[in-house]
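Provide a 3D model corresponding to the input given below.
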Amino acid sequence: MKLVLYRILFLAVILALWELIARLGLVQDFVMSRPSKIFAWLSEAIVSGFFWVNVGVTVRETLLGLLVGCVLGVAGGFALAHWNGAFRLLEPFIMALYSLPRVALAPLFLVWFGIGEGSKVALAASLVFFVMLLNTHTGVREIDQNLVNAARTMGASNGLIARRILLPASMTFIFAGLRVSIGLALIGTIVGEMIAGQYGLGQMISKAANMFDTAQVFAIIIVLAVLAVVLNEAMKFVERRVMKWHPPQRTH
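Now for the predicted structure:
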């Protein structure tokens, strides 16, 4: 409780100093705005249906991108962990694709998937995919092979081994990747919306920036930060529930 109070106090001090600096004219409003204007815009936006429509669009695209990237990444990670020779062959290409800036690739995603929701979901999924693939591959490769060999000796099929040994033992790595991927999925969605979005918080930021409405830009950034925290806390809750049923296995 004390830590929470200290955090609130620290935030209050920062906001008070920011407001004071702005009121003294040391920083012009169109450069940094001020907390009073930011929260005034937020108070008006909260009662606006249009604002919540855009929040809903961004959340939906983010979660869809997270889901698609996670499913494909986990499946790819398991496949490459099973065929290690394929991973050694593809590793430099995987890392090269992973390192490409998605902002530069965003126009291509718009050409491939259109200017609708599909391009934003695909852009978010592309960021999540490689994180989940690499984390899952590492998690599966770290599992004690004696467990796998013992299961095979007792006649367990590959599917049963994957469900009962590989998946539970790699859950720590998978959830670590998911928590990183939440922010990446949100980034991919916002970038796509800023470039070519009819709805979503990204297009709101783009329009506000074009009009030099700094208060609105900061307000939407605060909303995005809150969304990221909420999604992260939700993921932590899911992780606690899942890990309760899947105790960690022995590793090397």
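
which regions of the protein lie under the pLDDT threshold?
Scanning the chain for pLDDT under 70 picks out the ranges 29-30, 144-152, 155-164, 244-252.

Pop the domain breakdown of it in here.
Following automatic domain parsing, the chain resolves into domains at 1-32, 35-245.

So which of these is the most surrounded?
Ranked by mean neighbour count, the domains of the chain are led by domain 35-245 with a mean of 18 (mean count of other Cβ atoms under 10 Å). Bear in mind the C-beta positions are built from the backbone N, C-alpha and C, glycine included.

for it, the distance to its chain's centre please.
Relative to its parent chain, domain 35-245 has a centroid offset of 4 Å by Cα atoms, centre = their mean, to the nearest Å.

can you pull out the helices in the chain?
With DSSP state H as the criterion, the chain has helices at 2-23, 29-32, 35-46, 49-82, 84-99, 102-113, 117-141, 145-153, 158-161, 167-196, 201-210, 214-245.

which other helices and strands contact the fourth one?
Yep, that's helix 49-82 we're talking about. For helix 49-82, the elements it packs on are helix 84-99, helix 117-141, helix 167-196, helix 201-210, helix 214-245, judged by 3 or more Cβ pairs under 8 Å, 6 or more residues apart in numbering; DSSP states H and E.

how much does that helix deviate in direction from helix 84-99?
Relative orientation of helix 49-82 versus helix 84-99 (axes from the mean of the first three to the mean of the last three Cα atoms, to 10 degrees): 150 degrees.

Compute the inter-axis angle for helix 49-82 and helix 201-210.
Using the same axes, to 10 degrees: helix 49-82 against helix 201-210 is 120 degrees.

The third one too?
Taking the same axes, to 10 degrees, one finds that helix 35-46 is oriented at 140 degrees with respect to helix 201-210.

again with the last one
Regarding helix 214-245 and helix 201-210, their directions subtend 160 degrees when assessed with the same axes, to 10 degrees.

Can you work out which other helices and strands pack against helix 214-245?
By 3+ Cβ pairs under 8 Å, 6+ apart, helix 214-245 packs against helix 29-32, helix 35-46, helix 49-82, helix 167-196, helix 201-210.

And the contacts of the last one?
Residues from elsewhere that reach helix 201-210, judged by Cβ atoms under 8 Å, 6 or more residues apart in numbering: 54-55, 58, 189-194, 197, 214, 216-217, 220-221, 223-224.

mind redoing it with 7 Å?
54-55, 58, 189-194, 197, 216-217, 220, 223-224 (Cβ atoms under 7 Å, 6 or more residues apart in numbering).

swap in the second one?
Helix 35-46 is touched from outside by Leu15, Trp18, Glu19, Phe51, Ala215, Gln216, Phe218, Ala219, with contacts defined as Cβ under 7 Å, 6+ apart.

run the last query once more with 8 Å
So helix 35-46 is contacted by Leu15, Trp18, Glu19, Ala22, Asp29, Phe51, Ala215, Gln216, Phe218, Ala219, Ile222, Val223 (Cβ under 8 Å, 6+ apart).

same thing with stretch 59-71?
With Cβ under 8 Å, 6+ apart, stretch 59-71 has contacts from 117, 120-129, 131-132, 178, 181-182, 185-186, 188-189, 192-193, 200, 227, 231.

one more time with 7 Å
Counting by Cβ under 7 Å, 6+ apart, 117, 120-121, 124-129, 132, 178, 181-182, 185-186, 188-189, 200, 227 sit against stretch 59-71.

returning to what we had before: would you list the helices and strands packed on helix 49-82 in TSV and tack on distance to Val47?
Below are the helices and strands packed on helix 49-82 laid out as TSV (distance: least, Cβ to Cβ, whole Å):
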stretch	distance to Val47
helix 84-99	42
helix 117-141	26
helix 167-196	23
helix 201-210	16
helix 214-245	14
